[in-house]
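**Student:** fold the stuff below for me.
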Amino acid sequence: MAKPLSFADRVAVVTGAGGGLGRQYALDLAKRGCKVVVNDLGGTFDGSGQSSRAADKVVGEITAAGGEAIANYNSVTDGDAIIKSAVDKWGRVDILINNAGILRDRSLAKMTDEDWKLVVDVHLNGVFKCSKVAWSFMLKQGYGRIINVSSASGLYGNYGQVNYSMVKSGIVGMTKSMALEGKKRGILCNVIVPVAASRMTETVMPPDLLSQLSPEFVSPLVVAMCHETYKGTGDVFEAGAGWFAKVLTQRSRGVTVKWPYQPEDLLNEGIQKTMTDFSRDAVYPNSSGEALMSLMQ
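**Tutor:** This is a model prediction of the structure:
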């Protein structure tokens, strides 16, 4: 059996940790010696309301098991207050899991400006604000691990989730850029795309499937990526029900068409076939630089 991963002397902030996946991440990190800030606004899954009960309950679970944790009830749009609670208590922040999220599911025709804005505020702005504050401390430490939570909706789209799909896709792009900026400074940033039962997935998954998708099945990979021995950065992983897979951006070999050409030319059957052929010489660019280089070849 592999040697247990230790998080002794490490400090983690987990947003949206009052239940579901966030709770499991917090419990599993604490079990391995990590000091944890359990952040949760305590609202409903659509972002309304506020309560301290959810975060307090998880802190109680951790301390009852002999771990160290404190609760924080701020919205993720107040990243300063959340990260400050960790630094004030323990003097550092080593790990940030940007897990908090809400849903405002509606078809595009029925979506309101408020539905759009609230989802953007919690997901994109929340990840940005918490990460930016934590980043300053991680730079000074020369060490950090940031896990941003995306969704299958962000990778593949989903009916009635134009707002949610947009922010979850944006989180992937944000993380890849963060990874490029942080790598030489010891700050590694990765994405988890969990498939698990939660208040949010209850609205889009059938009950028989939810019963097979415990957060416990996802958390071990997240904990592993938070550890100092994990050296990957800019990685995107899907996980659920004991299944794990890395997600890459694949591009066809493509076709070069000599100028001048017209829109009609690009609908030519031969050009379309070559442009969309993934059966040979497909590439997997890992950066905009790599994408540009393959374009110029």
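**Student:** from now on I want contacts and neighbour counts done on CA atoms only, so please keep to that.
**Tutor:** Fine.
**Student:** where's residue 130 relative to residue 20, distance?
**Tutor:** 20 Å (C-alpha to C-alpha, to the nearest Å).
**Student:** and those two? Which one has more around it.
**Tutor:** For residue 130 versus residue 20, the count of surrounding residues by other C-alpha atoms under 10 Å is larger for residue 130: 23 against 17.
**Student:** could you chop this structure up by domain?
**Tutor:** What automatic domain parsing lists as the domains of the chain is 11-246, 249-297.
**Student:** minimum distance to residue 5: which of the ones you listed has it?
**Tutor:** domain 11-246 (6.9 Å; C-alpha to C-alpha).
**Student:** now that closest one, how far from the centre of its chain.
**Tutor:** Computed by C-alpha atoms, centre = their mean, to the nearest Å, the separation of domain 11-246 from the middle of its chain amounts to 6 Å.
**Student:** tell me the most buried of the domains of the chain?
**Tutor:** Sort those by mean neighbour count, taking mean count of other C-alpha atoms under 10 Å, and domain 11-246 sits at the top with a mean of 20.
**Student:** how far does it stretch from start to finish?
**Tutor:** By C-alpha to C-alpha, one end of domain 11-246 lies 27 Å from the other end.
**Student:** what residue is smack in the middle of this structure?
**Tutor:** Nearest residue to the geometric centre of the chain (C-alpha atoms, centre = their mean): residue 149, 1.7 Å.
**Student:** who does it bridge with?
**Tutor:** residue 192 (DSSP bridges).
**Student:** longest helix anywhere in this structure?
**Tutor:** helix 162-182 (DSSP state H).
**Student:** residue 281 - nearest residue in space that isn't next to it in sequence?
**Tutor:** What sits nearest to residue 281 in space, not counting adjacent residues and going by C-alpha to C-alpha, 6 or more residues apart in numbering, is residue 253, at 5.6 Å.
**Student:** so who does the one you found touch?
**Tutor:** By C-alpha atoms under 8 Å, 6 or more residues apart in numbering, the contact set of residue 253 is 274, 275, 277, 278, 280, 281, 282, 283.
**Student:** thank you, goodbye.
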